[in-house]
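Trainee: Structure for this input, please:
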Amino acid sequence: MLQLSNAMSVPQIFFGNKHVGGASHLLSKLSSSNIVDSDSSLMLDISSQEMQSWFEQNIGIDDGGNFNLDPRLLPPTTPIVAEVIPPARDFEGIDYIGVACDLEDEFRFQGKTTFSRVELEKAAGEVNVRVPELLDTYKIVRSVTTKPSQSLSPSPSEFVLQSQFSQNALNTFRVWDTEKLGSWGAENPIALTHHLKKLLDRICDENRVSGGSAVDYRAARQSDLFKVFDERICELQTINLLSMNQTTKLAFFVNLYNILIKHAFCKIGIPFVNGPNITNPTGGNGTIIPSFFDKIGYEIDGMFFTFDGIENGVLRGNRGKVFTTADDRRLTIAFPESTVDIRIHMAVNCGASSCPPIKKFTTDAIDEELGIVAMAYTEGDGNCLADEENSILRLNMIFKWYRVDFGTDDESVARTVMGLMGEGDKKKKLGRMIDKGGVKIEYFPYNWESDSAEPTVVFDYDKLNTVVY
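Mentor: Predicted structure coming up:
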């Protein structure tokens, strides 16, 4: 329907292949032709021949009213495909995951660097797990002297959690062994992101406070379900990025960015700071901790992708010059600059209140899904406001920060924005402004505030990286 009508409201009315518009558009046409009573909006007593004649003259129906319908207007003939879900797995018991999470807390928040065999055996013994099993089977702990590719040394005395060897990568809770744990995620990368988002949404929903408007991320991190999520996210390690087609890759990385933001909020804290001494150059509330976005990410297919790497490296064709060396494998994953889809800016969410809402995207419908989010985004007056009287187009700050993606001057940006809009009064108003000439663009303040409940755990990169091996 979106492709046929370029409108988001329902219903959208078609006569044959002719698009009339919404209900108000049809009633307006009918009332102006005395087909509908303008006061009561009721059909008047007219013959079917008169109605047919009116349709032919005003709607443009040909062939005596015989409709040759566009196939896209017909009911679907193929069955709806059920959601793909991962095979049932008990994660070898949540208890051992809990032990590992508790040990990780000691590393991150108590400054502990290594564990002795005695300490590890004590912690593991509480859930009847032997140290070799933690090392070799579960792959969540390894000796300080052992590299991932090596077998366990004869009698190691010091141990460290697997995740501590790459603390910036949030999906290194364990090494995902496909022989033991399966390769479902590698075979179904988009379904894996949907499953992970569903888990994370549930975690956040179960820890909402203040009437549902805020999330207690501190409590979310301590929940049993988060421990399950923290292990399951490790399956991203197995994804083969080079085998993805362009639409799958686009949906995958947009979904991935939006999962990473909430995962990081739970795991390491919030990257926004607010207070009386904080200056926001946009005039909004709060400020940002840059190291969060250019240091934190996921390990996938032997490569490391930060927030910046996903957005400015992969999705924007490395326009942000994130991948700086010619031999960087991630350049083979980045989209060609000529194919960058600017609607990604309305799809990725950095966790700030001025960001667009989070949706999930699919391979088969990514184009239509991005069209919907772009229309919804530009429809919101807090993101896009056309002041026809003063010839001013007010936009969200993302249009300034990523100006090169939208146009070279105010008029070209305005034309790009109009192309993102759905049919409606705002688009018509902006069209008139462009035709008149002299459109000027101003930007709304950007609020760096999250939905985190107080007291917020603020991200501290130095604290995250105090452990060195």
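Trainee: show me the contacts for the residue nearest in space to the middle of the chain.
Mentor: By C-alpha atoms, centre = their mean, the mean C-alpha position of the chain lies nearest to Asn258, the distance being 3.1 Å. For Asn258, the contact set (C-beta atoms under 8 Å, 6 or more residues apart in numbering) comprises 197, 347-349, 358-359. (C-beta placed from N, C-alpha, C; glycine too.)
Trainee: May I ask which helix or strand encompasses Leu385?
Mentor: strand 384-387 (DSSP states H and E).
Trainee: just checking, next helix/strand downstream of the lengthiest helix in the chain?
Mentor: In the chain, assigned by DSSP state H, the helix with the most residues is helix 246-267. Using DSSP H and E, the helix or strand that directly follows helix 246-267 along the chain is strand 272-273.
Trainee: Just the strands from the stretch 101-250 of the chain, written as ranges.
Mentor: Along the stretch 101-250 of the chain, counting by DSSP state E, counting those that start in this stretch, strands occupy 115-116, 141-143, 158-161, 208-209, 214-215.
Trainee: So what are the sheet partners of the third one and their directions?
Mentor: When you say that, I think you mean strand 158-161. According to DSSP bridges, strand 158-161 forms sheet pairs with strand 115-116 (antiparallel), strand 141-143 (antiparallel).
Trainee: from the ones you listed, which stretch is densest packed?
Mentor: The highest mean neighbour count among the strands paired with strand 158-161, using mean count of other C-beta atoms under 10 Å, belongs to strand 141-143: a mean of 23.
Trainee: Rebuild the strands of the stretch 101-250 of the chain as JSON lines, extending it with mean pLDDT and distance to Val458.
Mentor: Shown next, in JSON lines, are those (pLDDT from 0 to 100; distance: least, C-beta to C-beta, whole Å):
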{"stretch": "strand 115-116", "mean pLDDT": "79", "distance to Val458": "27"}
{"stretch": "strand 141-143", "mean pLDDT": "78", "distance to Val458": "29"}
{"stretch": "strand 158-161", "mean pLDDT": "80", "distance to Val458": "23"}
{"stretch": "strand 208-209", "mean pLDDT": "95", "distance to Val458": "18"}
{"stretch": "strand 214-215", "mean pLDDT": "96", "distance to Val458": "15"}
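Trainee: my read: Lys180 touches Thr137, true?
Mentor: Yes. Taking contacts as C-beta atoms under 8 Å, Lys180 lies within contact range of Thr137: 7.1 Å.
Trainee: Of those two, which one has the most company?
Mentor: The neighbour count for Lys180 versus Thr137, taken as other C-beta atoms under 10 Å, is higher for Thr137 (15 against 10).
Trainee: Please tell me how far that one sits from Val118.
Mentor: Distance, Thr137 to Val118, by C-beta to C-beta, to the nearest Å: 21 Å.
Trainee: low pLDDT regions in the chain?
Mentor: 1-10, 12-83, 88-113, 126-128, 145-156, 465-469 (pLDDT under 70).
Trainee: just to revisit the earlier point, would you turn the strands of the stretch 101-250 of the chain into JSON lines with distance to Trp448?
Mentor: Shown next, in JSON lines, are those (distance: least, C-beta to C-beta, whole Å):
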{"stretch": "strand 115-116", "distance to Trp448": "37"}
{"stretch": "strand 141-143", "distance to Trp448": "37"}
{"stretch": "strand 158-161", "distance to Trp448": "32"}
{"stretch": "strand 208-209", "distance to Trp448": "21"}
{"stretch": "strand 214-215", "distance to Trp448": "16"}
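Trainee: in the stretch 251-400 of the chain, which spans are helices?
Mentor: 290-295, 307-308, 366-379, 398-401 (DSSP state H, counting those that start in this stretch).
Trainee: Of those helices, which is nearest Val254?
Mentor: helix 366-379 (8.1 Å; C-beta to C-beta).
Trainee: Restricting to C-alpha, output the closest one in CSV.
Mentor: Extracted in CSV, the C-alpha atoms of helix 366-379 (Å, rounded to 0.1, in the frame of the first residue of the first chain):
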residue,chain,number,x,y,z
ILE,A,366,13.7,-3.4,4.2
ASP,A,367,12.9,-0.8,1.5
GLU,A,368,9.3,-0.4,2.5
GLU,A,369,10.2,-0.5,6.2
LEU,A,370,12.7,2.3,5.8
GLY,A,371,10.2,4.2,3.8
ILE,A,372,7.7,3.9,6.7
VAL,A,373,10.2,5.1,9.4
ALA,A,374,11.3,8.0,7.2
MET,A,375,7.7,9.1,6.6
ALA,A,376,6.9,8.8,10.3
TYR,A,377,10.0,10.7,11.3
THR,A,378,9.4,13.6,9.0
GLU,A,379,5.7,13.7,9.9
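Trainee: tell me the angle that helix makes with helix 246-267.
Mentor: In terms of direction (axes from the mean of the first three to the mean of the last three C-alpha atoms, to 10 degrees), helix 366-379 departs from helix 246-267 by 60 degrees.
Trainee: Give me the buried positions along helix 366-379.
Mentor: Neighbour counts over helix 366-379 (16 or more other C-beta atoms under 10 Å) mark 366, 369-379 as buried.
Trainee: And the contacts of it?
Mentor: Residues contacting helix 366-379 (C-beta under 8 Å, 6+ apart): 2-3, 8, 247, 250-251, 341, 343-344, 346-347, 356, 359, 361-362, 383-384, 396, 417, 420-422, 424, 426.
Trainee: Going by residue numbers, what spans are helices in the stretch 101-250 of the chain?
Mentor: Using DSSP H, counting those that start in this stretch, helices in the stretch 101-250 of the chain cover 117-125, 131-132, 178-181, 184-187, 189-205, 217-222, 224-232, 246-267.
Trainee: just those: most buried one?
Mentor: helix 246-267 (a mean of 23).
Trainee: which residues are contacting stretch 338-346?
Mentor: Residues outside stretch 338-346 that contact it (C-beta under 8 Å, 6+ apart): 246, 250, 254, 311, 315-317, 319, 356, 370-371, 373-374, 376-378, 398, 402, 405-406, 416, 420.
Trainee: Just the terminal-to-terminal distance for that stretch.
Mentor: 19 Å (C-alpha to C-alpha, to the nearest Å).
Trainee: Could you list the buried residues of it?
Mentor: Under 16+ other C-beta under 10 Å, the buried positions of stretch 338-346 are 340-346.
Trainee: Closest one of these to Thr172?
Mentor: So of the buried residues of stretch 338-346, ranked by how close each gets to Thr172 (C-beta to C-beta), first place is Ile344, at 26.3 Å.
Trainee: What values do phi and psi take at Ile289?
Mentor: Per-residue torsions, Ile289: phi -100, psi 100 (degrees, to the nearest 10).
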